[in-house]
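1. Sequence and predicted model, in that order:
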Amino acid sequence: MPDHPEVPPTPSAVPAPAPALEVRGLWRRFGHKIAVSGIDLVVPAGSFYGLVGPNGAGKTTTLSMATGLLKPDFGTVLVHGRDLWAAPAEVKQLLGVLPDGVRLFDRLTGAQLITYAGLLHGLDRETVAARTADLLRAMALEADAKTLVVDYSAGMTKKVALACALVHAPRLLVLDEPFEAVDPVSAANIRDILTSYVGSGGTVIVSSHVMDLVQRMCDHVAVIAGGHVLAAGTVDEVRGDVSLEERFVDLVGGRVTGEGLAWLRTSSD
Ligand SMILES: Nc1ncnc2c1ncn2[C@@H]1O[C@H](COP(=O)(O)OP(=O)(O)OP(=O)(O)O)[C@@H](O)[C@H]1O
């Protein structure tokens with residue numbers, strides 16, 4: 001018998017992993033327009049997280065602040081427990097970002113663009129070459145590796161942008177409207193890639209103005225409208241929130257126009 005038998009740690013002694021993303025009290029105005037006011041989000045590590053809301057809800061503003069593309073007027077952003085604005089270079093290595101309407105260097109070929117993104121992240125040439133080949137294969141872009149990006153379709157452009165976001169093996173992938181203008185075959189390809197990325201331990205956040213799309217893919221969702229979070233939780237919790245539509249109508253002062261409530265309703269029932 002040893003003098004001091006090893007005591008297994010109690011569950012409370014094991015710290016819970018930090019969320020992949022935690023934003024608190026984010027505010028941002030453009031001139032007189034308050035785009036988002038007091039956004040709180042907690043995205044669990046390993047989740048497939050959807051951010052859904054109608055046009056103008058504040059999704060892009062929120063994700064731009066969460067990824068360092070836009071400075072908040074107020075609020076904090078933690079990525080895997082690290083403060084984005086205190087250590088931006090360190091946090092950017094953890095993050096892969098596909099911004100809405102991203103503009104790529106489209107006079108490069110697909111292979112050159114992914115290589116360039118990898119080198120910008122400080123990877124060595126050997127690693128970049130191996131990852132570029134893997135990503136071109138996963139994105140079904142091998143045959144067009146030497147085609148200029150300017151000649152790519154919308155779906156191919158999204159996929160090569162996604163490859164650039166993945167080349168440095170980030171822990172958190174943030175995608176603003178990744179399925180906008182993408183054909184069904186490319187959309188299925190992107191969905192498969194994201195699902196396998198989450199399966200291998202990564203965290204994905206996708207924004208969309210289509211609830212149906214988000215709830216088919218994601219395990220967690222936040223509903224955002226008028227610059228506020230209206231609901232957040234697992235997909236089942238948010239779908240079971242019977243007063244959500246009513247709160248949305250209250251928020252917009254009863255004026256439900258344009259896309260109305262179509263973005264929130266689902267066709268999968
Ligand atoms: N650069 C800007 N200048 C002025 N107003 C802006 C700017 N960016 C966003 N806004 C305003 O802030 C609000 C939120 O916009 P945001 O783009 O974040 O919404 P969204 O949910 O991403 O919308 P969409 O689905 O249409 O892209 C909108 O009223 C928008 O007009």
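-> Sure, I can see it. Residues are numbered from 1 along each chain as shown.
2. Give me every residue in this protein lying close to the ligand.
-> Applying CB under 6 Å from any ligand atom, we find that the chain lies next to the ligand at 30, 33, 35, 53, 55-61, 209. The C-beta positions use only the backbone N, C-alpha and C, and glycine is treated the same way.
3. Can you tell me which of those are buried?
-> Buried by 16 or more other CB atoms under 10 Å: 35, 53, 57-61, 209, out of the residues of the chain next to the ligand.
4. Among the residues of the chain next to the ligand, which lie within strands?
-> Applying DSSP state E to the residues of the chain next to the ligand, the entries found in strands are 30, 33, 35.
5. Start and end of stretch 115-125, how far apart?
-> Stretch 115-125 stretches 8 Å from its first residue to its last (CA to CA, to the nearest Å).
6. So which residues make contact with it?
-> Stretch 115-125 is contacted from outside by 93, 105, 108, 127-129, 131-132, 163-165, 167-168, using CB atoms under 8 Å, 6 or more residues apart in numbering.
7. separation between the residue in the stretch 151-269 of the chain that the ligand sits nearest to and Y152?
-> Going by CB to the nearest ligand atom, the ligand is nearest to H209 of the stretch 151-269 of the chain, at 4.8 Å. As judged by CB to CB, to the nearest Å, H209 and Y152 stand 24 Å apart.
8. hang on, the earlier thing: buried subset of the contacts of stretch 115-125 as a PyMOL selection?
-> In PyMOL, a selection of the buried entries from these looks like this (16+ other CB under 10 Å):
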select buried, resi 108+127+128+131+132+163+164+165+167+168
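9. and the contacts of stretch 115-125, which two are the farthest apart?
-> Q93 and L108 (22.6 Å; CB to CB).
10. All the strands of the chain, residue numbers only.
-> 21-30, 33-43, 48-52, 74-79, 82-83, 95-98, 172-176, 203-208, 220-225, 228-234.
11. Now do the longest one and strand 21-30, the angle between them.
-> What it means is strand 33-43. Calculated by axes from the mean of the first three to the mean of the last three CA atoms, to 10 degrees, strand 33-43 forms an angle of 180 degrees with strand 21-30.
12. Look up how far A117 lies from A163.
-> Noted for A163: a distance of 8 Å to A117, by CB to CB.
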